[in-house]
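Q: Model the following, please.
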Amino acid sequence: MSTNASLSKPIRSRWCCWSVMLLTLGVTGCSLAPSYERPALPVPQTQQASVLVEGFGLSSTPTEIGLSQNEEHLIAELSPEGGLRPLVQLSLSFNRDFRVAFLRIEEAQSLYLTARSDRMPTVAAGFERDRQQFDNAAINERYGQDLTFASVGISNFELDFFGRVRSLSEAARHDYLATIYGQQSARSALIAEVARLYLLERLTAVQQVDARLIDDAEQTILGRVEGQQVEGAASFDDVASQHAKAQDAHLRLAAATAEHARSLQALLLVTGYAKPLPPMNNVESVEVAPADLGTPHWLVDMPSQRLLERFDVRQSEERLKAANANIGAPRAAFFPSIKLSTGIGIASDSLRTLFEGGNGTWLFSPQLSLPLFDGGRNRANLNLAEVRKQMAVAQYEKTVQTAFREMADVLTERQHVLERVHSEKVLSALAQSKAQRTLAELEAGGADRTLLLASQIRVAQADMVWQQARQALLLNRLDIYRVLCGVDTAPAQRLSDNESLQ
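A: Numbering: from 1, shown residues only. Below you'll find the predicted structure:
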C-alpha cells in the first residue's frame, strides 16, 4: 500500500501540472479587444448626389458650439446675411481633421497623467502559489516546497530625490498644454478655411450669374447679326466673329458653372458631409461698408507684444518649456537612484491554513544604484537634451519673427487691395452709367438695341472684376484673422483660386 501511495503521488503531481497548463492556455486564448466594426460611409449614397438635395447626408444633428468674440465678429463681417454661421457650426461638429485635433488633446492628457502617476507609488495586491516536487524522495525532502502567499505592497518605487521623475512629468504637462494650443490653432484654421470656401462659393455664384447674362446677350446679338446677314446688312465675317464671341461666352459659362459646383463640393468636405448644404440662392452684389475701406488704427499701431497671444507662439513656447524640463532627467542620471520595494502579507504551506494565526510576513527591500561607468551615455543624453532646448529656442524665435512678418505683409497687402477696390468701383460705376445712357437713348429712339446689349455685357464684365476686388478685400480681412490667431495664410491656395476664376 505504501508503494502504491508513493507511486500515485507523482502521478497526481503530473496531473495537477497538466491541468494548470491547460487552464493557462485556455485563459490566454481569450481576448478583451472589441470586435471590429467598419464605420459607416460618411459620404452621400451616390457619387452624383446633388449637394442641395435634402436627405442624402448623415442624420446627425450638429452640436451648438459656442464661438468666441473674435469668431463672431469675423463671421458677421464676412457674412452679414448669416449664411456662414451654420457652416461653421457644421464644420466644428463633423470635420474629421478637427476631430483628430480634439482627440490629440485627450491623447496628450493621458500621456501626462501616466507620467504624473510615476511620482506616486503603485500599491498592488498579489497572490502566489509555489509548488515544486521531485520524484526522488531525498531531493524532494530537501528542495521540494509548497507555499502560498497573499500580500499587499509597493514594488520598485523610485524615491525622486533628484527630480528625474518630476522633470519628466513637468515636460509631459507642457506637451499637453502645447497640444491644447495646437487644437485651438486647428479650430481657427478650420473656421478660416470654411470662411474662405464660403467666400469662394459666393464669388463663383455671382460670376456664374454674370457669365449667364453675358452668354444670353452674346446669343441675342448673334441672332440679330444673323438676321442682318439675311437682309444683306452684315457680312459673313461679321457673323463668324460674333459666333466666336458667343461660343467663348458659352464656354465661360460652362467653366463658371463647374467652378461653382467644385466650390460646393469643397464646402461639403470641410463640413464633414454631415448634411446637405442650405440653399444659397441670394447672389445679389453687396456693397462694401465705408468702415471697411480703411485700416483700423488699432491694427496699424498694434504692439508686437500682441503677437505673443497667437496660438502658434503659445504652442511653441510650451514646447520650449517642455524641452527645458526634459534636461532635468539626464542631469539626475548622474546621481544615485534609490528604489524601494516593500510589502506585508501572510504565507502558509497550504491554502486552508493561510489565514490562521502566526503566518504573517513582511518585505523591505531598498535598492541604491550609482553609475560608475556607462561609456559616456549619460553625458550624451544630457547634451542631447540641451541641444533640443536650443532648437526649441530657435523655433520659438522663428515663430515670433514669422508672426511679425505676416502682420507686416497683411497690412501691406491691405493697402494694395484698397486701391484696387477704389479703382474697380469707379470703373464699375462708369460702365453702369454708360449702360444707363444707352438705355435712355434707346428709349428715345436714337440708339440700336445691339449697343444696349454690348453695354450690358460690359457692365457684367465690370461687375465680375469688381466682385474679384471685393473678394480680395474680404480675404484680406480673413488673413488678418489668420495672422492674429497664428494660422497659415495659405497664399498658394488663394492664388490658385483667383487664377481659376480669370
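
Q: Show me the shaky parts of the stretch 151-300 of the chain.
A: Across the stretch 151-300 of the chain, the ranges flagged by pLDDT under 70 are 274-298.

Q: let me fix that: the stretch 351-500 of the chain
A: Using pLDDT under 70 as the threshold, the predicted model of the stretch 351-500 of the chain has low-confidence ranges 351, 446-447, 489-500.

Q: count of neighbours near Leu368?
A: Residues contacting Leu368 under the criterion other Cβ atoms under 10 Å number 9. From N, CA and C alone the C-beta is placed, and that goes for glycine too.

Q: three-state assignment of it?
A: strand (DSSP: H, G, I helix; E, B strand; the rest coil).

Q: same question, Pro39
A: Put simply, Pro39 is coil when judged by three-state DSSP.

Q: Wasn't Phe149 part of a strand?
A: Yes - when classified by three-state DSSP, Phe149 is found to be part of a strand.

Q: what's it in contact with, if anything?
A: The neighbourhood of Phe149, defined by Cβ atoms under 8 Å, 6 or more residues apart in numbering, consists of Gly126, Phe127, Glu128, Arg129, Asp130, Gly345, Ile346, Ala347, Thr361.

Q: By neighbour count, which of those residues wins?
A: Gly345 (19 neighbours).

Q: Tell me the pLDDT of that one.
A: According to the model's per-residue confidence, Gly345 sits at a pLDDT of 87.

Q: which residues pair with it across the strands?
A: Legend: beta-bridge partners of Gly345 under DSSP bridges are Ser151, Thr361.

Q: Distance-wise, check it relative to Glu356.
A: Distance, Gly345 to Glu356, using Cβ to Cβ, to the nearest Å: 14 Å.

Q: same check, this time on Gln69
A: Following Cβ to Cβ, the distance that separates Gln69 from Glu356 is 72 Å.

Q: for Arg319, same thing?
A: Counting by Cβ to Cβ, the gap between Arg319 and Glu356 amounts to 59 Å.

Q: Looking only at neighbour counts, state which of these two leads.
A: More crowded of Arg319 and Glu356, by other Cβ under 10 Å: Arg319, with 22 against 10.

Q: Pull the contacting residues for the more buried one.
A: Residues in contact with Arg319, defined by Cβ under 8 Å, 6+ apart, are His174, Asp175, Ala178, Ala392, Gln395, Tyr396.

Q: For Asp248, grab the count of nearby residues.
A: Summarising burial for Asp248: neighbours were counted as other Cβ under 10 Å, giving 13.

Q: so what secondary structure elements neighbour the strand or helix carrying it?
A: Taking DSSP states H and E as the definition, Asp248 sits inside helix 236-270. For helix 236-270, the helices and strands in contact under the criterion 3 or more Cβ pairs under 8 Å, 6 or more residues apart in numbering; DSSP states H and E are helix 164-231.

Q: ok so, going back, just give me the closest of the contacts of Phe149 to Gln208.
A: When the contacts of Phe149 are compared for distance to Gln208 (Cβ to Cβ), Gly126 comes out closest, at 73.9 Å.

Q: Using CSV, write down the CA coordinates of the helix or strand where that closest one lies.
A: Gly126 is part of strand 123-132, with elements assigned from DSSP H and E. What follows is strand 123-132 as a C-alpha-only set of coordinates in CSV (Å, rounded to 0.1, in the frame of the first residue of the first chain):
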residue,chain,number,x,y,z
VAL,A,123,0.1,49.6,-4.4
ALA,A,124,-0.8,46.2,-5.6
ALA,A,125,-2.3,43.1,-4.1
GLY,A,126,-0.8,39.7,-5.0
PHE,A,127,-1.5,36.0,-4.6
GLU,A,128,1.1,33.4,-5.3
ARG,A,129,1.2,29.6,-5.0
ASP,A,130,4.6,28.0,-5.4
ARG,A,131,4.8,24.2,-5.6
GLN,A,132,7.9,22.2,-6.5
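
Q: Can I get the helix or strand following it in PDB, CA atoms only?
A: Elements were assigned by DSSP H and E; along the chain past strand 123-132, the next helix or strand is helix 137-143. Below are the C-alpha coordinates for helix 137-143, written out as PDB (Å, rounded to 0.1, in the frame of the first residue of the first chain):
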ATOM      1  CA  ALA A 137      12.400  11.300  -2.200                       C
ATOM      2  CA  ALA A 138      15.700  12.600  -0.900                       C
ATOM      3  CA  ILE A 139      15.800  15.500  -3.300                       C
ATOM      4  CA  ASN A 140      12.200  16.200  -2.700                       C
ATOM      5  CA  GLU A 141      12.700  16.300   1.000                       C
ATOM      6  CA  ARG A 142      15.500  18.900   0.600                       C
ATOM      7  CA  TYR A 143      14.300  21.100  -2.300                       C
END
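
Q: so how far is helix 137-143 from its chain's centroid?
A: Put simply, helix 137-143 sits 68 Å off its chain's centre (Cα atoms, centre = their mean, to the nearest Å).

Q: List the buried residues for that helix?
A: When burial is assessed from 16 or more other Cβ atoms under 10 Å, helix 137-143 yields the following buried residues: Asn140.

Q: What of stretch 303-315?
A: By 16+ other Cβ under 10 Å, the buried positions in stretch 303-315 come out as Leu307, Arg310, Phe311, Asp312, Val313, Arg314, Gln315.

Q: out of those, which one sits closest to Ile338?
A: For Ile338, the nearest member of the buried residues of stretch 303-315 is Gln315. The distance, counting by Cβ to Cβ, is 36.3 Å.

Q: Pull the contacting residues for the closest one.
A: Neighbours of Gln315 in contact, by Cβ under 8 Å, 6+ apart: Ala178, Tyr181, Gly182, Ser185, Gly486.

Q: any idea what sits nearest the third one, other than its immediate chain neighbours?
A: Sequence neighbours aside, Gln315 is the residue nearest to Gly182 in space, at 5.2 Å (criterion: Cβ to Cβ, 6 or more residues apart in numbering).

Q: cool, and the second one?
A: Excluding its sequence neighbours, the residue lying closest to Tyr181 (Cβ to Cβ, 6+ apart) is Gln315, at 3.9 Å.

Q: swap in the first one?
A: In space, not counting the residues next to it along the chain, Ala178 is nearest to Glu318; the distance is 3.6 Å by Cβ to Cβ, 6+ apart.
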